[in-house]
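A.B. asks: attaching a predicted model along with its sequence, questions to come.
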Amino acid sequence: MTKKEKEKADNHVQNDQNKANVTTCIEKNDTEDNKLICNLKSQLHESQDEIIQQKLIAEEETLKTYNRVNKDVERYQKFSLEKIIINFLPIIDSIEHSLNLAKNDQLRDQYEIIVRKLEHVQDILQEVCKTFHISKINSVNVLFNPKIHQAMSVCYNINVQDNQVVSVMQPGYMLHESRLLRPAMVIVSKEKT
């Protein structure tokens, strides 16, 4: 083998080694690039999942807020007239009281026209109360309930069970069967010992 052939063979071996090194480097770079691509894809999927989760949470919060606002509006509409109604209760009481006096008076014949007019006004007021879901609390012989009754006096009686409403001095009123407008002022029984 001549020197030239030897150099040529050495160059050829060197080229083969360089090619192998380049291939290894390329494979290494390809592997690193693949790892980087896989890593980026993984991060992308995680970000997409996180965005979907945040979107679901935001939609859920929006729905909760919407429902809460609807309930607040409904509650406001339901009880918005409460103060006005409370101011009308003395008028209702006065009409009832006037009717009771006029009906029991010995001069009933003279008051008959007034009684009819008052009864008509009372009927109108009762219809208004029904329209606005206002109920009257005026039951007697029921158990005293401090949530809807206000005890004004005690009546000692051996014939009546303890803590019974014996008499209603002034009726109470409820709005929508859930909100007390005014407690009924009552006389409560107490067993005589």
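C.D. replies: All right, it came through fine. Here the structure is a predicted model, which means the values were calculated and not measured. Numbering: from 1, shown residues only.

A.B. asks: how's the protein carved up into domains?
C.D. replies: 1-80, 81-132, 134-193 (automatic domain parsing).

A.B. asks: okay, the ones you listed, which one's buried deepest?
C.D. replies: Scoring the domains of the chain by mean neighbour count under mean count of other C-beta atoms under 10 Å gives domain 134-193 as the most buried, with a mean of 15. (C-beta placed from N, C-alpha, C; glycine too.)

A.B. asks: dump the domains of the chain into a markdown table; add mean pLDDT as well.
C.D. replies: Below are the domains of the chain laid out as a markdown table (pLDDT from 0 to 100):
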| stretch | mean pLDDT |
| --- | --- |
| domain 1-80 | 75 |
| domain 81-132 | 79 |
| domain 134-193 | 90 |
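
A.B. asks: can you report phi and psi for the residue lying closest to residue 79 once chain neighbours are set aside?
C.D. replies: In space, and not counting its chain neighbours, residue 79 is closest to residue 179: 6.0 Å by C-beta to C-beta, 6 or more residues apart in numbering. In terms of degrees, to the nearest 10, the main-chain angles of residue 179 are phi -120, psi 120.

A.B. asks: wait, residue 179 sits on residue 83?
C.D. replies: No: applying C-beta atoms under 8 Å, one finds residue 179 not in contact with residue 83, separated by 11.9 Å.

A.B. asks: measure the spatially most central residue of the chain to residue 64 for me?
C.D. replies: Centroid-nearest residue in the chain, with C-alpha atoms, centre = their mean: residue 71, separated by 5.0 Å. Using C-beta to C-beta, to the nearest Å, residue 71 is found at 11 Å from residue 64.

A.B. asks: then residue 117?
C.D. replies: 54 Å.

A.B. asks: wait, a helix at the residue nearest to the centre of the chain?
C.D. replies: Yes: under DSSP: H, G, I helix; E, B strand; the rest coil, residue 71 falls within a helix.

A.B. asks: where's residue 113 relative to residue 119, distance?
C.D. replies: Taking C-beta to C-beta, one finds residue 113 at 11 Å from residue 119.

A.B. asks: right, I mislabeled it, should have said residue 99
C.D. replies: Taken as C-beta to C-beta, the span from residue 99 to residue 119 is 7 Å.

A.B. asks: state the three-state secondary structure for residue 136.
C.D. replies: Under three-state DSSP, residue 136 comes out as strand.

A.B. asks: residues touching the spatially closest residue to it that is not a sequence neighbour, list them.
C.D. replies: Nearest residue to residue 136 in three dimensions, chain neighbours excluded: residue 171, at 5.1 Å (C-beta to C-beta, 6+ apart). With contact set as C-beta atoms under 8 Å, 6 or more residues apart in numbering, residue 171 has these partners: 93, 136-138, 184.

A.B. asks: can you report phi and psi for residue 171?
C.D. replies: Dihedral angles for residue 171 - degrees, to the nearest 10 - are phi -70, psi 150.
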